[in-house]
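Participant: Please find the sequence and the predicted model below.
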Amino acid sequence: MALKIRLARGGAKKRPFYRIVVAQSTSPRDGAFIERIGSYNPMVDHGHPDRLRIDAERAQHWISVGAVPTDRVARFLSTVGLVDAPAQPEQTKKSQPRAKAQERLKEQAALAEKAAAEKAAAEAAAAEAAAAAAATPAEEAPAEEAPAAEAPAEDAPAETEKQGA
């Protein structure tokens, strides 16, 4: 006789309410059970104390006797600290793209990497050219900048005279 700790659905249509029960693994979901050890109401807010109620002492007893919790109930029991939380897979196989779509994604990723490498090489070449150009006319640049800096200063007093008249 294999025992399971699982959910038994109750409540109205579109208003679920679950009992956490210990039952034989062969009995129907909402059928006969051995003992009710808690309840779960998904319609209540997460922080509300009525959302999840578990008799931890009875749950520990049934686990020690050999009852195996389902994945969902194991997650509930892990919040109480009775069992370790079951591992949840990152992505199921059904939700992954098909083989041809995966090949297309790999090709697109390879093209994107190639384009990024070419862009980086072009930027590096442009930076080298700019560095070489900046090194050669370094002596001429300050002489050209000096008259340009004086020119706006001469225009400024003329503008103030026009505003006052």
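Facilitator: Everything's here; your move. Residues are numbered from 1 along each chain as shown.

Participant: Kindly report the domain assignment for the protein.
Facilitator: Domain ranges of the chain: 3-80, 95-135, per automatic domain parsing.

Participant: which regions of the chain lie under the pLDDT threshold?
Facilitator: 1, 91, 137-165 (pLDDT under 70).

Participant: what's the spacing between whichever helix in it runs longest and its chain's center?
Facilitator: The single longest helix within the chain, with elements called by DSSP state H, is helix 99-135. Per Cα atoms, centre = their mean, to the nearest Å, the displacement of helix 99-135 from the mean C-alpha position of its chain is 28 Å.

Participant: Check stretch 33-50 too.
Facilitator: The answer for stretch 33-50 is 28 Å, by Cα atoms, centre = their mean.

Participant: Endpoint to endpoint, it covers what distance?
Facilitator: With Cα to Cα, to the nearest Å as the measure, stretch 33-50 spans 22 Å from end to end.

Participant: List the buried residues of the helix or strand harbouring residue 38.
Facilitator: Residue 38 belongs to strand 35-40 when assigned by DSSP states H and E. Neighbour-count burial for strand 35-40 flags 35, 37-40 (criterion: 16 or more other Cβ atoms under 10 Å). The way it works is simple: take the backbone N, C-alpha and C, and place the C-beta from them, glycine included.
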